[in-house]
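# Coordinates for the following, if possible.
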Amino acid sequence: MATLLIRNLDDAVKAALRKRAAANGRSMEEEARRILDAEVFRDSRRPGEGLGTWLSRRFAEIGGGELLVPPRRPARIRNPFADDEPSS
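Reported below is the predicted structural model:
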C-alpha cells in the first residue's frame, strides 16, 4: 500500500473531515481513504450497481471469464417409510 501526504489542507476541510470521521466512528485517516476510494471509482460504477456486478463487468472488459455458480443442491425428498411420530 502507498502513503499519501497532503500539504496545505484548509483548516475548515480538516475540521469537517474530523467531524465526519467521528460521526462514522472512524479515524480521520480511514475516513479520508474511504472518501478517496469512493470518489476515484465513482465514475466506473453505475448507479445502483452492486459490487459483484461491477467486478464481473470490470473483468469482462479485460478478458475475464464467466463467474462460476455452484450447482444447486437437490431438494430433500421425504422418506415415505420413516415414522412421522417419534417412537415411545
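
# Give the buried residues for stretch 20-29.
In terms of neighbour count (16 or more other CB atoms under 10 Å), stretch 20-29 has its buried residues at residue 21. Heads up, the C-betas are built off the backbone N, CA and C, glycines and all.

# Put the alpha carbons of that stretch into CSV.
Extracted C-alpha coordinates of stretch 20-29, given in CSV (Å, rounded to 0.1, in the frame of the first residue of the first chain):
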residue,chain,number,x,y,z
ARG,A,20,-17.4,13.3,9.7
ALA,A,21,-14.9,10.6,10.8
ALA,A,22,-16.1,10.9,14.4
ALA,A,23,-19.7,10.6,13.3
ASN,A,24,-18.9,7.4,11.4
GLY,A,25,-16.8,6.0,14.2
ARG,A,26,-13.6,6.0,12.2
SER,A,27,-10.2,7.7,12.3
MET,A,28,-9.6,10.7,10.1
GLU,A,29,-7.2,8.6,8.0
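
# who touches that stretch?
Identification of contacts with stretch 20-29 by CB atoms under 8 Å, 6 or more residues apart in numbering yields 14, 17, 18, 30, 31, 32, 34.

# Next one: the fourth one from residue 22, what distance?
With the distance defined as CB to CB, to the nearest Å, residue 30 ends up 11 Å from residue 22.

# can you check the last one too?
According to CB to CB, residue 34 stands 14 Å off from residue 22.

# ranges for the strands of this protein?
Counting by DSSP state E, the chain has no strands at all.

# Name the helix or strand of the protein that has the lowest mean pLDDT.
In the chain, no helix or strand scores lower on mean pLDDT, DSSP states H and E than helix 51-61, which sits at a mean of 75.

# List the buried residues of it.
For helix 51-61, a neighbour-count test (16+ other CB under 10 Å) marks nothing as buried.

# That one: how far from the chain's middle?
Put simply, helix 51-61 sits 13 Å off its chain's centre (CA atoms, centre = their mean, to the nearest Å).

# before we move on, what about stretch 17-35?
Remark: stretch 17-35 is offset 18 Å from the chain centroid, using CA atoms, centre = their mean.

# just to revisit the earlier point, which elements pack onto the least confident helix or strand of the chain?
The contact analysis (3 or more CB pairs under 8 Å, 6 or more residues apart in numbering; DSSP states H and E) places helix 51-61 against no helix or strand.
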